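J.: Kindly return the folded structure for what I paste below:
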Amino acid sequence: MDEKRFVRTYKQGIADITEIWVDRKTGVNYVFHASGYAGGLTPLLDREGKPVVTTVTEA
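T.: Numbering: from 1, shown residues only. From the prediction side, this is the model:
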């Protein structure tokens, strides 16, 4: 089994990068932002402060 657990679903920028990654096991979305040598990852939250979850279907 060589399937990746995380898949990038969105990318914006070249020097300042913002990406959205989805955990294929849980469906939780994460926001990654990098600028220069600094970067960070955090769960993507909705208006109510709950994690955004994408429905994951197994192929």
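
J.: give me the number of residues near the closest residue to residue 55 other than its chain neighbours?
T.: Excluding its sequence neighbours, the residue lying closest to residue 55 (Cβ to Cβ, 6 or more residues apart in numbering) is residue 27, at 6.2 Å. The C-beta positions use only the backbone N, C-alpha and C, and glycine is treated the same way. Counted with other Cβ atoms under 10 Å, the neighbours of residue 27 add up to 14.

J.: isn't residue 27 right up against residue 54?
T.: Yes - taking Cβ atoms under 8 Å as the definition, residue 27 is a contact partner of residue 54 at 4.8 Å.

J.: mind listing what residue 34 touches?
T.: 16, 17, 40 (Cβ atoms under 8 Å, 6 or more residues apart in numbering).

J.: correction: residue 24
T.: Neighbours of residue 24 in contact, by Cβ under 8 Å, 6+ apart: 3, 4, 5, 6, 7, 56.

J.: Please apply the same query to residue 22.
T.: Going by Cβ under 8 Å, 6+ apart, the list of residues near residue 22 reads 6, 7, 9, 28, 29, 30, 54, 56.

J.: low pLDDT regions in the protein?
T.: Residues of the chain meeting the criterion pLDDT under 70: 1-2, 58-59.

J.: could you redo the last one with a cut-off of 90?
T.: 1-3, 56-59 (pLDDT under 90).

J.: So the most centrally placed residue in the chain, which state does it fall into?
T.: The structure's the chain has its C-alpha centroid closest to residue 21; by Cα atoms, centre = their mean the separation is 2.0 Å. State at residue 21, reduced to three classes by DSSP: H, G, I helix; E, B strand; the rest coil: strand.
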